[in-house]
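1. Take this sequence and fold it.
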Amino acid sequence: MKTYLSKLMAVALMGIFAAQLPAFADDDDDLASSFGTRYSVGIDKKIIKGLHVDFEEELRLDGISALDKSYTSIGVSWKVLPFLKIGAGYSAIGARSADDLNPGTMVWDWRHRGTFDVTGTVKAGAWKFSLRERFQATYRNKTVNEWQQPKTAMVLKSRLKASYDFYKLGLEPYAFVEHRLLMNGAEWDSRSTHIYEYANSTFIGHSDVYTNRIRAQVGLEWDIDGRHAVEIYSLYDRITEKEIDAKKTKPVLKMPVTTTERNFIAIGIGYTFSF
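-> I've put the predicted structure just below:
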């Protein structure tokens with residue numbers, strides 16, 4: 001009876017989640033906002049107690065139909081202590097973007113990302129609280145204007161998460177907030193809007209450090225039988241970016257450096273097989 005009830009609850013929640021797709025997709029009142037959907041399939045292999053290797057394939061869509069990015073990831077995690085876990089991973093990221101040489105044609109912009117993280121966890125009854133610090137480096141194959149952005153972006157992510165385990169039902173709702181710090185943005189010595197000043201600005205290097213994203217996410221994890229698990233979630237990103245327009249041949253600003261902000265909303269569903 002309990003197994004049947006847990007399945008019924010999960011199916012109902014997934015149905016509610018799916019029903020929200022049209023509502024999110026049609027909400028275009030705020031032109032500074034964008035919406036996407038995400039789908040993933042993963043494998044989690046236990047090597048020995050506390051040591052796991054995982055593989056995941058994720059597709060990220062612009063809206064509900066246009067493919068935006070693909071993530072192929074492999075990682076390893078080790079539970080060093082009951083309250084402490086470390087992990088490392090690699091992702092091959094394919095991003096669809098417009099071809100500079102052939103207008104109207106889409107091409108793949110490939111990136112390679114390495115990560116290392118440390119997670120501390122505290123349990124209080126059915127509640128679980130965790131803090132994860134993750135360092136990541138993302139290298140782009142595509143030639144970039146390094147007066148505007150680094151070839152390899154260095155980022156530090158700090159995530160605070162809380163979850164509650166309905167262990168008899170296999171359901172674990174959660175919520176987290178994550179802060180992303182860009183550590184090596186392109187930096188110029190002037191932020192003036194006067195043409196005679198910004199055109200004579202000096203490129204300092206990749207030393208600009210600033211918060212370029214704050215994310216809030218809520219979701220539900222459903223452990224069906226110890227091998228099969230499903231997760232549904234919704235996320236909100238507040239993204240801050242420095243807009244730099246510089247000549248490619250030498251470090252000269254064509255326009256003043258400005259800061260832009262935009263909102264991003266996504267909903268996703270993922271499946272994981274563990275053995």
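
2. Look at the residue in the chain sticking out farthest from the centre and give its secondary structure.
-> Distance from the C-alpha centroid of the chain peaks at Tyr196, with 39.2 Å (CA atoms, centre = their mean). Following DSSP: H, G, I helix; E, B strand; the rest coil, Tyr196 is assigned to helix.

3. ok, so what distance separates it from Val257?
-> 16 Å (CB to CB, to the nearest Å). Backbone N, C-alpha and C define where each C-beta goes, glycine included.

4. circling back: on the pLDDT front, check the residue farthest from the centre of the chain for me.
-> Note for Tyr196: predicted pLDDT of 74.

5. Same check on the one 5 residues further on?
-> The pLDDT attached to Ser201 in the predicted structure is 91.

6. Which stretches in the stretch 101-250 of the chain count as strands?
-> 106-124, 127-140, 152-164, 171-188, 203-223, 228-243 (DSSP state E, counting those that start in this stretch).

7. In contact with His52, which residues?
-> His52 makes contact with Asp44, Lys45, Lys46, Val76, Ser77, Trp78 under the criterion CB atoms under 8 Å, 6 or more residues apart in numbering.

8. quick one: which of the residues you listed is nearest Glu261?
-> Glu261 has its nearest neighbour among those in Ser77, at 33.7 Å by CB to CB.

9. so what pLDDT did that closest one get?
-> 98.

10. Low-confidence stretches in this structure?
-> For the chain, the stretches with pLDDT under 70 are 1-33, 191.

11. Pick out the residue nearest the middle of it.
-> Arg215 (8.7 Å).

12. excluding its backbone neighbours, what's nearest it?
-> Glu178 (4.4 Å; CB to CB, 6 or more residues apart in numbering).

13. Quick check: bridge partners of the one you found?
-> Arg159, Arg215 (DSSP bridges).

14. rewinding a little: ok, which of the strands of the stretch 101-250 of the chain comes nearest Ile86?
-> That would be strand 106-124 among the strands of the stretch 101-250 of the chain, by CB to CB, at 5.4 Å.

15. gap between the closest one and the chain center?
-> 8 Å (CA atoms, centre = their mean, to the nearest Å).

16. For it, which residues meet the burial criterion?
-> Asp109, Arg111, Arg113, Thr115, Asp117, Thr119, Thr121 (16 or more other CB atoms under 10 Å).

17. try stretch 74-93
-> So, applying 16+ other CB under 10 Å, buried residues of stretch 74-93: Gly75, Ser77, Lys79, Lys85, Gly87, Gly89, Ser91, Ile93.
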